[in-house]
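Asker: here is a sequence together with a model predicted from it:
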Protein chains: 2
Amino acid sequence: MDAVTVPDLRTRLKAALSVGEDDVLGAALTCEQAADVAEVLPLFSDEDRSRIIYALPARTAAELIVMLPESVRGDVVDDLDGGKITEIVSELPPDDATDVVSELDDARTRQVLQTIEPAKSDQIEALLRHDEDSAGGIMTTDVVKLPQDATVRDAVHHVRTYSPSEDLHEVFIVDAEGRLSGSVELRHLVTSPRDARLSDLADPRPHVVTVDTDQEEVLQQMRKYDLPDIPVVNHRGQLVGLITHDDILDVAGEEATEDLYRMAGTDPAERETSSVFRAAGVRLPWIMGCMAVTTVTGLVMAWQKSHFSLTVYTALSFFVPMIAATCGSSAIQISTVVIRRFAEGDVSRGGLIRVLRRELPIASLIAIAAAVVSAGLVAFFLPLMIHRLDPGLGAVIDPHRIASAVGAGMASAILVAASLGIGLPFLFRSLGFDPAIASGPVVTGLNDVTSVLVYLCLASLIMAN
Amino acid sequence: MDAVTVPDLRTRLKAALSVGEDDVLGAALTCEQAADVAEVLPLFSDEDRSRIIYALPARTAAELIVMLPESVRGDVVDDLDGGKITEIVSELPPDDATDVVSELDDARTRQVLQTIEPAKSDQIEALLRHDEDSAGGIMTTDVVKLPQDATVRDAVHHVRTYSPSEDLHEVFIVDAEGRLSGSVELRHLVTSPRDARLSDLADPRPHVVTVDTDQEEVLQQMRKYDLPDIPVVNHRGQLVGLITHDDILDVAGEEATEDLYRMAGTDPAERETSSVFRAAGVRLPWIMGCMAVTTVTGLVMAWQKSHFSLTVYTALSFFVPMIAATCGSSAIQISTVVIRRFAEGDVSRGGLIRVLRRELPIASLIAIAAAVVSAGLVAFFLPLMIHRLDPGLGAVIDPHRIASAVGAGMASAILVAASLGIGLPFLFRSLGFDPAIASGPVVTGLNDVTSVLVYLCLASLIMAN
């Protein structure tokens, strides 16, 4: 019952490929699960990938294509001929088929849609029109709809005849105009007499989403109400599709990836390309932004420098990285907590007050602790830095003043950073930006500017006395 | 069909609470869904929370307790009397009941387990023994088991009689020793004749996990094979429980939170406490670690300082924040991509080579671009910094040399940072640490040390010529 382990399958496929006969390859693949082959396929060359796909049974090949990482799927689909793609698209439920078709250029899309059966072609064309991050973009149109006067027997007959290809958890009741009017779980079909009316068994107010609901909102609803699936209606209330447990688990993964990538100063778009140039292009704007704002930090240091003698400035400069990194880290701690709460749908309007009430006291405790420890570190290490390493500096520098400056600067800068860490995610969200960028490199660079400014201003006050 | 919006419910509850009669409150709550009440409950005082829970129907109150954030749940459960807790635990399926019982101290746990029905008490005691992050810790014991010679009629009878409280998707066949020998989807029960034998309809090799499988591994399996649920067996192969779609969606959220929090230098443990002292205690070690390693950066600067005149050192110091932040950011970009691939189960053994082959070229492109742009920024801004702000410095500083030093330092330091960004997640994982800490504040601080060291060493070479 154990899953086939990956290295084994890879070795066996390599051996089968090296024989050079497609029968041998086919025999090696007959019993494999699509998910296992999908895991090793990216390890093979383009040519071998195609050979493996042509050697697989049609159904397995179709499932495999859907499971490939997006960066690989595009390349693989490009290498298949029209006949194979038609075969694959025919095997798949409409939502997965649409994902495959969307990898094709316009000419090939038209060709494939003309070859497959018209009903499916219509479904795919309808799905292609939805934004891929909306409920319409992730739903399947494979949903069991029954009229309001249907019985359990009718439902059983329908399930047996049309056998929807996705996991089936419930059937839906629609009125004469196709508007959703209720849902019946499969377990009630199992345990009810065959001539019971569905409308008597139905939950009359199932949770629904509309086709243009954002997938993150769909995820939050399904998580909040523990739903195994959720029906999708259009703006006239007509049932047009269904989002199932596996779709939403993928969405949960995608949303987490998106937040993580944005917080790291990149974008999930880099996963869709195998070109290192395009991937670098996704990351570079954030790196450039970071350099631009840290140039401002340099200007701040140059401007503040005039308040100090060169020797005192030099001693102060040794602790700029500590101030910048520590304040940056405590801002990231806070903004990440806030961003995660947004993603979980946990901070509603008025949530800013609740967040402030918890985060400001935490930040104050951290500011006090960091001030004491950083002052201690300076008092201990600065004499080593100046006496052992450059005896000339010792005469004009008072380590305890520098320690006070670092401690005071650290505490104040952490409080400023904390305020930004709380405020910026809320600000970005209300401006329509992704709040995740508040933990990213540009905001961290901005944090450097403010924390170094606070540190050197306080230092100039303390040194002046 | 729309979900009740949160502000409305809160306002209505406030009004009902202010009347002071529990009948009014009860009437206001009868039609509410547990998930909606759970969303607003944290906004009320401890006393009002208890009043709301006592006013709810038992089943809704039970569901609500399960849906509360962990930091709130503990406090709420503490305020309920033994009778109410027994009532709540009796309403819940074993896995959720165990989560509630685990909030109690030992004495109250014993009291509750003695009051509820013995069968459930045994189930809860068994579940309490599992690690809460293992398959055993998230599974329910509410699973439909049938003997190998059972028919569809037997299965239907069983489902009707015992009516498991969780969503039901499939039933399981066990042998005389209770070992799992197959599974039958509900849809096959619906469409098959009543006297068909389950063993003829069964998938004989369903995917399984064992009780001590880590929940992240369970998530990866269910995602990989698109499973709506997965049976859990003990080490003798006996079926002991089931993990369902809603459990695994929660796990997906928890795992994403864990990665995000670790990368930000904190831990999901801070969510379980309402004490700001304990929350600060979770974050502080990372802040302290960051200060410790950036003290080393200060030592590096002090040591390198002796290679330069004070004026040249001062000019170089203006760009330390830029070098540190930019290299830190590009390391975080890379380590985040690697960490995310780990979480998705996407990097198997030998994956290091694949990651290197993609990430090193990307890092090289970024290093070249960053070197050119940073040198340009220095060449443009340094004259402004020295002439306008401190005319005395102008005579002894050659901006083009400093620009070369920054550009060369930037490129080299980015390549070093990239190597750490790739290597450290792999290293941490193989040492048994969470690789997510490779994007955290301590590693970012370490990155400061190496990038500033590389920058100043190269600068001393360039200045010496």
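Answerer: Thanks, I have the structure now. Numbers count the residues shown, from 1 in each chain, chains lettered A, B, ... in the order given.
Asker: and residue A:313, how many neighbours?
Answerer: If you count neighbours by other Cβ atoms under 10 Å in any protein chain shown, residue A:313 ends up with 21. Every residue, glycine included, has its C-beta placed from N, CA and C.
Asker: name the element it belongs to?
Answerer: Secondary structure assignment for residue A:313, by DSSP states H and E: helix A:310-317.
Asker: quick check: what element follows that helix along the chain?
Answerer: Counting by DSSP H and E, the element after helix A:310-317 in chain order, helix or strand, is helix A:320-343.
Asker: just the mean pLDDT for that next one, thanks.
Answerer: Taken as a whole, helix A:320-343 has an average pLDDT of 92.
Asker: I'd say residue A:220 and residue A:255 touch.
Answerer: No - between residue A:220 and residue A:255 there is no contact under Cβ atoms under 8 Å: 9.6 Å.
Asker: more crowded one of the two?
Answerer: More crowded of residue A:220 and residue A:255, by other Cβ under 10 Å: residue A:255, with 21 against 17.
Asker: give me the pLDDT for that one.
Answerer: So, for residue A:255, pLDDT stands at 88.
Asker: excluding its backbone neighbours, what's nearest residue A:368?
Answerer: Leaving out its chain neighbours, the residue that sits closest to residue A:368 by Cβ to Cβ, 6 or more residues apart in numbering or on different chains is residue A:411, at 6.6 Å.
Asker: no, scratch that, I was asking about residue A:222
Answerer: Nearest residue to residue A:222 in three dimensions, chain neighbours excluded: residue A:248, at 5.1 Å (Cβ to Cβ, 6+ apart).
Asker: same check on residue A:407?
Answerer: residue A:375 (3.3 Å).
Asker: what residues are up against the one you found?
Answerer: A:403, A:404, A:406, A:407, A:410 (Cβ atoms under 8 Å, 6 or more residues apart in numbering or on different chains).
Asker: now those residues in a markdown table, with neighbour count?
Answerer: Shown next, in a markdown table, are these (neighbours: other Cβ atoms under 10 Å in any protein chain shown):
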| residue | neighbour count |
| --- | --- |
| A:403 | 21 |
| A:404 | 19 |
| A:406 | 30 |
| A:407 | 23 |
| A:410 | 32 |
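Asker: so which of these are in helices?
Answerer: The helices, defined by DSSP state H, take in A:403, A:404, A:406, A:407, A:410 from those.
Asker: pull the contacting residues for the third one.
Answerer: When you say that, I think you mean residue A:406. Residue A:406 touches A:319, A:322, A:323, A:374, A:375, A:378, A:455, A:459, counting by Cβ under 8 Å, 6+ apart.
Asker: can you show me the strands along the stretch 251-400 of chain A?
Answerer: Ranges of strands in the stretch 251-400 of chain A, per DSSP state E, counting those that start in this stretch: none exist.
Asker: what bits of it have low per-residue confidence?
Answerer: Applying pLDDT under 70 to the stretch 251-400 of chain A flags residues A:346-350, A:387-395.
Asker: between the ones in helices among the contacts of residue A:375, which is closest to chain B?
Answerer: Among those, residue A:410 lies closest to chain B (Cβ to the nearest Cβ), at 8.4 Å.
Asker: so what's the closest one up against?
Answerer: By Cβ under 8 Å, 6+ apart, the contact list for residue A:410 reads A:322, A:323, A:326, A:327, A:367, A:370, A:371, A:374, A:375, A:455.
Asker: closest one to residue A:214 out of these, please.
Answerer: Nearest to residue A:214 out of the contacts of residue A:410 is residue A:327 (Cβ to Cβ; 33.8 Å).
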